[in-house]
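[1] Here is the input, now give the coordinates:
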Amino acid sequence: MNSLARKPYDEDQQEAARRFPVRLTQAVIGTIRHESDPVALQYLPDARELEIAPGELDDPIGDHAHSPVKGIVHRHPDRVLLKISSVCAVNCRFCFRKTMLGTPEETLDEEEITQALDYIAATPSIWEVILTGGDPLILSPRRLAGVLDRLEEIGHVKIIRIHSRIPVADPARISPPLLKALDRQKPLYIVVHVNHRQELADPAQKALRDLHKSGVALLSQSVLLKNVNDTVEALEALFRALTELRVKPYYLHHPDKVPGAGHFRVSIEEGQILMRALRAKTSGLALPTYVLDIPGGFGKIPLEDAYIERQGDFLYVTDHKGRRHLYA
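    Next up is the predicted model:
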């Protein structure tokens, strides 16, 4: 968009934007070159969002089935998600929590935050706490520091992880007060969500360097998205650039079955072909694990042949507990 004038939305785009509001930052707008480029496609409304396919789910990875306390998702014994924020700086059209963002059911007040932290304190098996949302880094440094202070007081919590889009979507928020709030005795990891090399403009690169210099360990997660990054060239450019910025590519997510996001989805076989091609030409340092969150809350699996079996027209996937699931 920069100097380009954007056309008004048509009626279907307006309806898509009504169902899931458009939220952009100036930083993101500054990376968009035209309305169908790999960044714009992630954020601008599309008439195809009105097409809801069978099997698409409001809660595609099954958060609600594993929520013992509001704001907590406890799917694995040694770690929990703490959904500390219900909003993001930007709204991604493919987001697996798009139907939950900003809702009363997902928004935590101070008492509910305390109850969630009390649950963590009372559960000795929890080794790692993953702050997610929404986006945790949208909180003020003071509020974020208060949550991190409490987590540092809980002896059995050894690792703190934050999942965030902020370093690339709103890099100005990576300010000295925020960096101070992130300065911790316990290991703190930030997993940055970024899907295309084009998102790594100069301000984003500076934010990542500042985080690294402050002692934060940096990983990345990306979603494999049709017409955004579903080529060897696009993924290789992204993963090499991240590695050069001292960000370890961690996960490449197979797209979730989000309502109205079918136009973003590729097949698992296509993703496997891309990963095989990348492995043949790219350093292991720059390769993430290609993963699927099994619909229904059964956890994440690497999309390797040992976990997948095709029978006729059907795919069966095996989760980390050896349970077999039909993935139609």
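
[2] could you show me where the strands are in this structure, in order?
    72-76, 79-83, 128-132, 159-164, 188-193, 217-223, 248-253, 289-293, 300-302, 308-311, 314-318, 324-327 (DSSP state E).

[3] The spatially most central residue of the chain bridge partners, please.
    Residue closest to the average C-alpha location in the chain (Cα atoms, centre = their mean): residue 193, at 5.2 Å. Under DSSP bridges, the beta-bridge partners of residue 193 are residue 221.

[4] right, and it touches residue 220 too?
    Yes: the criterion here is Cβ atoms under 8 Å, and residue 193 meets it with residue 220 at 7.5 Å. Where C-beta positions appear, they are placed from N, C-alpha and C, glycine not excepted.

[5] still on that earlier bit, by mean pLDDT, show me the worst of the strands of the chain.
    Among the strands of the chain, strand 308-311 has the lowest mean pLDDT, at a mean of 86.

[6] what sits up against that one?
    The contact list for strand 308-311, computed with Cβ atoms under 8 Å, 6 or more residues apart in numbering, reads 268, 315-318.

[7] Can you tell me the number of residues neighbouring residue 125?
    Per other Cβ atoms under 10 Å, the neighbour tally for residue 125 reads 11.

[8] In this protein, mark out all the helices, start to finish.
    According to DSSP state H, the chain carries its helices in the segments 11-19, 26-29, 40-43, 110-121, 141-153, 166-169, 176-181, 202-213, 232-244, 268-281.

[9] Return the most buried member of the ones you listed.
    helix 166-169 (a mean of 28; mean count of other Cβ atoms under 10 Å).

[10] name the helices or strands packed onto that helix?
    helix 26-29, strand 188-193, helix 202-213 (3 or more Cβ pairs under 8 Å, 6 or more residues apart in numbering; DSSP states H and E).

[11] I'd assumed residue 127 was in contact with residue 161.
    No: counting by Cβ under 8 Å, residue 161 stays clear of residue 127, with 11.0 Å between them.
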